[in-house]
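Asker: I'd like to go over a predicted model; first the sequence, then the structure.
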Amino acid sequence: MSNNVYEVPQSKRGHLPVKLLYVTKSKYDKDWHSTNHTHHFTELLYITKGRGTFVYSNKEVPIQEHDLIVINPNIEHTEKSGPDYPLEYIALGIQGLAFSSSEDPCLQVTFFNYKQEQKVYLSYLYELIEEVESQKEDYELIIQNILEILLLKMMRKKAFNMEKTSSEKISKDVAFVKNYIKQHFREEINLDILAEVGHINKYYLAHSFKKAFGVSPIEYLIQTRIRESKILLETTNYPISNISTFIGFSSQSFFAQSFKRVTNLSPSQYRNAQNSKKGKTRKSKSSK
């Protein structure tokens, strides 16, 4: 008989000062575009399938399956899916930390590839999703522990540090609602629906959301739809009525009214202006 006993010493590190705000699993459809946005917290994106580019600070970085992207707070960013291999990813919103490295103390975004260790990291990510979806007893405690294990394993494997952030505190419920709007802005949404999905009183939601992000939830929804419509107006020949329906507006007239309020142009004026700019750019290049 053998009996190996391993003494476990007291850890010198306490619990990480982090809080999981949301977990989401996303998949690009053919005509789906992400829009430029920022968070007051750190976001992790793990690419589970597909290829594309990650856009930030006027840079476009190729991304592929099993890439992990760490986006520090207040960095404007978006992602673009490749046409042949649509992106699928898991995103975590994490409050209370930012990432840095000795080479770049002002780190904005960092990229890693976990292809060799994919089974380990995906098992934790899918377990987070399962716990959040099932919401069984003590799931909040379990997801907190899973998150800490995931972050500590990342720190052990890669050369970067985590720093406690002193950024504006945003409640988990309000951050979830903001992310829900980003993912579902094409659907029928009103304040009652947002309050229901966020499990929060609608009056408190309206107050807390505006305090955190400077606009009401519905105004943020409209701005998100307008950003998407600008991409479609610039890159497609879809009729304006189709674009209005596709991005979730209840009528073309309300779309036109909202678009002009935000941009000071009608949708058709915006499209013509963008086409004119492209024409001038092509002429300039051909004359060289």
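Answerer: Structure received.
Asker: from here on, just use CA atoms for contacts and neighbour counts.
Answerer: Noted.
Asker: ranking helices and strands of this structure by mean pLDDT, which lands last?
Answerer: Within the chain, no helix or strand scores below strand 161-164, which has a mean of 65 by mean pLDDT, DSSP states H and E.
Asker: quick check: what element follows that strand along the chain?
Answerer: helix 172-184 (DSSP states H and E).
Asker: so which bits of that following helix are buried?
Answerer: Using 16 or more other Cα atoms under 10 Å as the test for burial, helix 172-184 gives K172, D173, V174, A175, F176, V177, K178, N179, Y180, I181, K182.
Asker: between the residues you listed, which is nearest V197?
Answerer: Nearest to V197 among the buried residues of helix 172-184: V177, at 7.5 Å, using Cα to Cα.
Asker: tell me the phi and psi of the spatially closest residue to that closest one that is not a sequence neighbour?
Answerer: The shortest distance from V177 to any residue other than its chain neighbours is 5.8 Å, reached at G198 (Cα to Cα, 6 or more residues apart in numbering). Backbone torsions of G198, given as degrees, to the nearest 10, read phi -90, psi 0.
Asker: also H15?
Answerer: Dihedral angles (degrees, to the nearest 10) for H15: phi -60, psi 150.
Asker: returning to what we had before: and the furthest pair within the buried residues of helix 172-184?
Answerer: Largest pairwise distance in those, by Cα to Cα, is 15.5 Å, between K172 and K182.
Asker: which one is S208 nearest to, not counting chain neighbours?
Answerer: V174 (7.0 Å).
Asker: what sits against that neighbour?
Answerer: G198, L205, S208, F209 (Cα atoms under 8 Å, 6 or more residues apart in numbering).
Asker: strands of the protein, start to end?
Answerer: 19-27, 42-49, 51-56, 59-64, 67-71, 77-81, 88-95, 97-100, 109-113, 161-164 (DSSP state E).
Asker: please enumerate residues in contact with stretch 116-125?
Answerer: H66, I90, Y114, I146, L147, L150.
Asker: just these now: which is nearest I222?
Answerer: For the contacts of stretch 116-125, the minimum distance to I222 (Cα to Cα) is 25.0 Å, reached by I90.
Asker: relative to H66, how far out is that closest one?
Answerer: Separation of I90 from H66 (Cα to Cα, to the nearest Å) stands at 11 Å.
Asker: same question for E43.
Answerer: Distance, E43 to H66, using Cα to Cα: 16 Å.
Asker: check L265 too.
Answerer: The value you get for L265 to H66, if Cα to Cα is used, is 41 Å.
Asker: those two: which is more packed in?
Answerer: H66 (22 against 16; other Cα atoms under 10 Å).
Asker: same list, the contacts of stretch 116-125, but as TSV with pLDDT and distance to T224 please.
Answerer: Formatted as TSV, those follow (pLDDT from 0 to 100; distance: Cα to Cα, whole Å):
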residue	pLDDT	distance to T224
H66	93	28
I90	93	21
Y114	87	32
I146	94	32
L147	92	29
L150	90	31
